[in-house]
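Trainee: Build me a structure from this.
(chains A and B)
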Amino acid sequence: MMLICGTVPIENLPLTLGEAKFEGESLSVNNFKIPCTQGTTAMTGAAFSVTDYLKLDPPQVLIVGDTGRGKGSNSLYEYLIQRLGVLLPDVLVLHYCLPNIALMRSLCESIRRSSKRPIMVADAGSMYGAKAAGLATEFDIFTPDPCEMGFLADPDASHPAYINKHLFEANANEGKVPELVATAYQLKSAPKLLLVKGAVDYIAREGKVIDTVSEPDIPELEAIGGTGDTITGMVSAFVYAGMKLHEAAKICATANRMAGKLAQAEVATKVWQLITQFPVVFEQMKIRG
Amino acid sequence: MEFTLSGDAALTKDRGLVVFKKVEDAIIAEKVLKEANYQVRLVAPPPTFRMGCDLAVEINLVEQLSVERLFSEKGVNYLKVTPLKGGGELLDIVKVTNFKEATMVKAGNMKLTFDDTTGIILNVSGGGCPDIPYLSVSLIGRKLTEAPRPRENGFTLCAMMLDRAFVECLELWRKRAS
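Mentor: As a prediction, the model looks like this:
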């Protein structure tokens, strides 16, 4: 089972575990229809496009409403800590949540005690929490943007808003990403594989860049909320399908760009419009299960 | 009341300190925050953090925006909020990217894009805290001059960065309009 965990911007949505289905502008989970926008829903929609294309079980999601106070985030983590040993996912994806070092520690402890270790992917607030807790090395994949890469390379920062200025300036020149990757790895603030999403996408394993993707070049994608989330969702699903981490990263970095090209992306394009292109892109890339 | 900081270096990493001029301000602040269900505690800050009195309130740093807003609403006096680890300064660098008929402003990990002709917010990207998807929905499609500032409805450091991008967009838009 692939389990995606994160918050959605609907304050009173209760903690919900169920099967996800991408339906264009919205995502359905049990009886709920949730707009497919930036964040956990975009990530889930992209993951669904992969599992649907490969005729695999759809992603299971654990979602909860949270508009920033963290109550939903905390309840989600507490549920996972209690139930992970029963759920036993093959791939565990942690996404938009309020970072919380203590809960991240308890979750990783729960995973260590579990009879099966899942492949672990983190992005967004969960990635911030894992790094701040000193637990990045327990993860298999992080998918930061260049600013977040600077955050991973900063030994002291607990959030990208407080990274050292020279690291932020460095990420303006994306050519510095390999240095940031090496620093983060030395600091034990990086997982096995990093996919740094930017004008050039960098794929790094054990502190070294092993591949880059830069074509097709669609600069508008950076402005569209959720285009990083779609990469994370696709990578997680391809890994669930059995693909190696770095192969999944390369395919998804390329597929995201191709979807932007097919959708003739503009800065006002919505992320769900890109997700609808993924099946066509996978066909063009001749991806087979 | 506790008078020591957490000893575990990793556990202090996401903590911030609110420092005060007077002890009574710190005690009032702790009470106000606890009544609003924030997990905080009174601590004796290390000497390097002391600016006024020798009492501070330890908070979850990511909640800085909502803590400061609550202080403003309740009239709580404080000197500043600072992270327990790191340089102590919020990123204040913004970067501007021009697209065809649109402008994107990046502040830290947040990006906001508006239409050069109408001033309408076209997209919000970046971030990782749970208020960002919510704030995005409340901003996209609205004019910069009519949209609520992210700091009014947000809670987290990501919302703070989004607010920086928003303010820069508004300034650019007003300059061009004039």
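
Trainee: just the strands in chain B please.
Mentor: Listed in chain order, the strands found in chain B under DSSP state E are B:15-19, B:41-43, B:56-60, B:80-83, B:94-99, B:102-107, B:110-115, B:121-126.

Trainee: out of these, which comes closest to A:Glu179?
Mentor: Proximity to A:Glu179 (C-beta to C-beta) singles out strand B:94-99 among the strands of chain B, at 19.4 Å. Every residue, glycine included, has its C-beta placed from N, CA and C.

Trainee: ok, the closest one: who's next to it in the sheet?
Mentor: When sheet partners are counted by DSSP bridges, strand B:94-99 sits next to strand B:102-107 (antiparallel).

Trainee: returning to what we had before: make TSV out of the strands of chain B and add mean neighbour count and mean pLDDT.
Mentor: Below are the strands of chain B laid out as TSV (neighbours: other C-beta atoms under 10 Å in any protein chain shown; pLDDT from 0 to 100):
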stretch	mean neighbour count	mean pLDDT
strand B:15-19	24	91
strand B:41-43	19	90
strand B:56-60	25	93
strand B:80-83	20	90
strand B:94-99	15	95
strand B:102-107	23	97
strand B:110-115	26	98
strand B:121-126	26	98
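
Trainee: Mind putting the ones you listed into a markdown table with distance to B:Leu157?
Mentor: Shown next, in a markdown table, are the strands of chain B (distance: least, C-beta to C-beta, whole Å):
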| stretch | distance to B:Leu157 |
| --- | --- |
| strand B:15-19 | 10 |
| strand B:41-43 | 20 |
| strand B:56-60 | 10 |
| strand B:80-83 | 10 |
| strand B:94-99 | 16 |
| strand B:102-107 | 11 |
| strand B:110-115 | 10 |
| strand B:121-126 | 12 |
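
Trainee: Can you say which of those strands is nearest to A:Thr41?
Mentor: Closest among the strands of chain B, once you apply C-beta to C-beta, is strand B:121-126, at 14.6 Å.

Trainee: got the contact list for that closest one?
Mentor: With contact meaning C-beta atoms under 8 Å, 6 or more residues apart in numbering or on different chains, strand B:121-126 is reached by A:38, A:145, A:147, A:222-228, A:267-269, B:102, B:106, B:109-115, B:132, B:135-136, B:139-144, B:147, B:158, B:162, B:169.

Trainee: try 6 Å this time
Mentor: A:223-225, A:267-268, B:102, B:109-115, B:136, B:139-140, B:142 (C-beta atoms under 6 Å, 6 or more residues apart in numbering or on different chains).

Trainee: Where does the most centrally placed residue in chain A sit, in terms of helix or strand?
Mentor: Closest residue to the average C-alpha location of chain A: A:Thr232 at 3.4 Å, with C-alpha atoms, centre = their mean. Here A:Thr232 sits within helix A:227-240, counting by DSSP states H and E.

Trainee: part of a helix, is A:Thr212?
Mentor: No - under DSSP: H, G, I helix; E, B strand; the rest coil, A:Thr212 falls outside any helix and is assigned strand.

Trainee: which ones are touching A:Ser49?
Mentor: A:Ile275, A:Phe278.

Trainee: likewise B:Val23?
Mentor: Neighbours of B:Val23 in contact, by C-beta under 6 Å, 6+ apart: B:Cys53, B:Leu55.

Trainee: Am I right that A:Gly134 is in a strand?
Mentor: No - under the criterion used here (three-state DSSP), A:Gly134 is coil, not part of a strand.

Trainee: Look up how far A:Ser158 lies from it.
Mentor: 11 Å (C-beta to C-beta, to the nearest Å).

Trainee: out of those two, which sits in the busier spot?
Mentor: Taking neighbours as other C-beta atoms under 10 Å in any protein chain shown, A:Gly134 and A:Ser158 compare with A:Ser158 leading, 30 against 19.

Trainee: Give me the secondary structure label for the more buried one.
Mentor: coil.

Trainee: how about it, what does it touch?
Mentor: A:Ser158 neighbours (C-beta under 6 Å, 6+ apart): A:Ala132, B:Lys13, B:Asp14, B:Leu61.

Trainee: Quick check: it vs B:Val57, distance?
Mentor: Distance from A:Ser158 to B:Val57, counting by C-beta to C-beta: 17 Å.

Trainee: Check whether the longest helix along chain B comes near chain A.
Mentor: Longest helix in chain B, counting residues (DSSP state H): helix B:157-177. Yes - using C-beta under 6 Å from any C-beta of the partner chain, we find that helix B:157-177 touches chain A at B:Leu157, B:Met161.

Trainee: other SSEs contacting that helix?
Mentor: With contacts taken as 3 or more C-beta pairs under 6 Å, 6 or more residues apart in numbering or on different chains; DSSP states H and E, helix B:157-177 sits against strand B:102-107, strand B:110-115, helix B:150-153.

Trainee: can you pull the buried residues of the last one?
Mentor: Buried positions in helix B:150-153, judged by neighbour count with 16 or more other C-beta atoms under 10 Å in any protein chain shown: B:Pro150, B:Arg151, B:Asn153.

Trainee: do you know how far the last one is from B:Gly128?
Mentor: Spelled out, that is B:Asn153. Distance, B:Asn153 to B:Gly128, using C-beta to C-beta: 18 Å.

Trainee: ditto for the first one
Mentor: Using C-beta to C-beta, we find B:Pro150 at a distance of 15 Å from B:Gly128.

Trainee: residue furthest from the geometric center of chain A?
Mentor: Outermost residue of chain A (C-alpha atoms, centre = their mean): A:His166, 25.8 Å.

Trainee: Could you confirm that residue falls within a strand?
Mentor: No - read with three-state DSSP, A:His166 is helix and lies in no strand.
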